[in-house]
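# Just to be clear, the model below is a prediction. Sequence and coordinates:
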Amino acid sequence: MTTKRKRIWGWFFFDWASQPYNTLLLTFIFAPYIKELMADGTAAQSAWGFGIGAAGVIIALLAPILGALADISGNRLRWIWLFSGAYVVGSFALWWAAPGNFNLYITLVFFAIGMIGMEFATIFTNSMLPDLGTKQEIGRISGNGWAFGYLGGLVSLVIMLVFLAESADTGKTLVGLDPAFGLDPEAREGTRAVGPLTAIWYAAFMIPFFLWVRDPKPTKAPKGAVKKALLEVLVTLRKLPQTPSLFAYLGSSMFYRDALNGMYVFGGIYAAGVLDWTVVDTGIFGILAIISGALFAWVGGHADERFGPKPVITFCILVLTFVALSIVFVSREGVYGIPVASSSIVPDVTFYLLGATIGAAGGIIQAASRSMMVRQANPDRMAEAFGLYALAGKATSFIAPLSIGVMTSWTQSQQLGVTPLVVLFLLGLFLLWWVKADGDGVSWQGSPD
């Protein structure tokens, strides 16, 4: 018999299994590797922005329809299986992004396939959150899940840095080893192994999820389910102004989550271009960010349980706005307008501290945001609600990467290129003012003890 505790731990394992896509591919290993292949940091940052933005458009268009379809037809696990396949195929295929045979467009297509798989699977796993606990418990459960996911990202990153990812200069890993399994450092096979590792990691650690998580919803889709789902999404969108708190929250999260994702997407490639960091340097930066993220996601979950998600989210937006401003003033030549020697470690240490702050505030705000969505949503339409939540996260998800891409191309400066993040955070903070702590008064049940 699957107990409630096992269901919760099974649900946690999705965060553990899927986190390496964000940690290894999106931010700390694969993105800086792309910069190395392209040599030009500005061109790499622009291309990365346009590619991720295009994937975000696809996710935004389909997310709410898939959520509504899951609510109508049931069997969210079937959808999770489907998109898990896309995750595995897309990430594994990144192995073929080899020096001398590098095709940027094919690489971005496979990266987008994996990213779309991850995002769509997340819609359905997030919609299971209210089945796991009471209204008072979900903040802590969400926070613990994020913390567990960050820990998975940390372990996978350490494995990459110690055993696989080689320096372009020395051909050795962080601790001076040759890449494992006889992988050729000249062909960058150690670093390219990040794709297969991410795929295998996900496939292995989703086993507890599929063994322990059960979906109480019906499994047979009614006739015309797709058409009905599309109509229900249109009706829901038309009625959103009648639920002002939910409407405001979707708008707020749309902007601040887009800005946060921009930080994650461009953190590694920014450091590689502006501070001349190697993949190994960026990996160390990632370790610090993930450790702080795991710790503070757990702390934030308990703060959510005590104070509710709204004040937690507000505080994190303020912290992240400060970080976004600070990033602009950190370069190899100076920190906050104070010139430093080209050999100084001050810019590196400052960026490490900013990375730890991003990890801490990012871990807290993502867990609290998931908890807040449960409070705002209709419990009978939870998958659709998280589809709308994904839509809110992706409807403008192209704004951060595309605006960074455009701003970087226009100014020819990676530092000035990230300034749109400040505006997005402030827009999110402004709209959060109209969000009620417990939503628009829709009854919320939660699972029995």
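Arrived safely.

# Surely residue 124 touches residue 76?
Yes: look at residue 124 against residue 76 with C-beta atoms under 8 Å: they come within range, at 4.2 Å. No exception for glycine: its C-beta is placed from N, CA and C like everyone else's.

# residues in contact with residue 83?
With contact set as C-beta atoms under 8 Å, 6 or more residues apart in numbering, residue 83 has these partners: 116-118, 120-121, 124.

# Name the residues of the helix or strand where it lies that are buried.
Secondary structure from DSSP states H and E places residue 83 in helix 76-92. For helix 76-92, a neighbour-count test (16 or more other C-beta atoms under 10 Å) marks 76-77, 79-80, 83-84, 86-88, 90-92 as buried.

# next one: that helix to chain centre, how far?
Centroid separation for helix 76-92 versus its chain: 16 Å, with C-alpha atoms, centre = their mean, to the nearest Å.

# and if you look at stretch 351-360?
On C-alpha atoms, centre = their mean, the centre of stretch 351-360 falls 16 Å from the chain's centre.

# same thing with stretch 24-40?
That offset, for stretch 24-40, works out to 17 Å (C-alpha atoms, centre = their mean).

# tell me which residues in it are buried?
Using 16+ other C-beta under 10 Å as the test for burial, stretch 24-40 gives 24-38.

# Show only the entries of the residues you listed found in helices.
30-38 (DSSP state H).

# quick check, nearest of those to residue 280?
Residue 280 lies nearest to residue 32 out of those, by C-beta to C-beta, at 9.4 Å.

# Check what pLDDT the closest one gets.
Per-residue confidence (pLDDT) for residue 32: 80.

# And residue 363, by the same measure?
pLDDT, read off for residue 363, is 85.

# Quick check: the gap between it and residue 258.
17 Å (C-beta to C-beta, to the nearest Å).

# before we move on, what about residue 350?
Taking C-beta to C-beta as the criterion, residue 350 is separated from residue 258 by 25 Å.

# Next SSE downstream of the helix or strand encompassing residue 391?
Per DSSP H and E: residue 391 is located in helix 382-395. Next along the chain after helix 382-395, taking DSSP H and E as the criterion, comes helix 399-411.

# Which elements pack onto the lengthiest helix in the chain?
Longest helix of the chain, by residue count under DSSP H: helix 41-73. With contacts taken as 3 or more C-beta pairs under 8 Å, 6 or more residues apart in numbering; DSSP states H and E, helix 41-73 sits against helix 30-38, helix 76-92, helix 104-126, helix 225-239, helix 244-274, helix 382-395, helix 399-411, helix 414-417.

# For those helices, give me TSV that also has distance to residue 357.
Output for the helices and strands packed on helix 41-73, formatted as TSV (distance: least, C-beta to C-beta, whole Å):
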stretch	distance to residue 357
helix 30-38	20
helix 76-92	28
helix 104-126	24
helix 225-239	36
helix 244-274	10
helix 382-395	22
helix 399-411	18
helix 414-417	18
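
# so which of those helices is the most packed in?
Highest mean neighbour count of the helices and strands packed on helix 41-73: helix 382-395, a mean of 26 (counted as mean count of other C-beta atoms under 10 Å).

# how about that helix as PDB, C-alpha atoms only?
What follows is helix 382-395, C-alpha atoms only, in PDB (Å, rounded to 0.1, in the frame of the first residue of the first chain):
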ATOM      1  CA  MET A 382      -6.000  22.300 -10.600                       C
ATOM      2  CA  ALA A 383      -4.200  21.000 -13.700                       C
ATOM      3  CA  GLU A 384      -5.800  23.700 -15.800                       C
ATOM      4  CA  ALA A 385      -4.800  26.300 -13.100                       C
ATOM      5  CA  PHE A 386      -1.200  25.100 -13.300                       C
ATOM      6  CA  GLY A 387      -1.500  25.200 -17.100                       C
ATOM      7  CA  LEU A 388      -2.400  28.800 -16.700                       C
ATOM      8  CA  TYR A 389       0.500  29.200 -14.300                       C
ATOM      9  CA  ALA A 390       2.800  27.700 -16.900                       C
ATOM     10  CA  LEU A 391       1.200  30.100 -19.400                       C
ATOM     11  CA  ALA A 392       1.900  33.000 -17.100                       C
ATOM     12  CA  GLY A 393       5.400  31.800 -16.700                       C
ATOM     13  CA  LYS A 394       5.900  31.300 -20.500                       C
ATOM     14  CA  ALA A 395       3.500  33.800 -22.100                       C
END
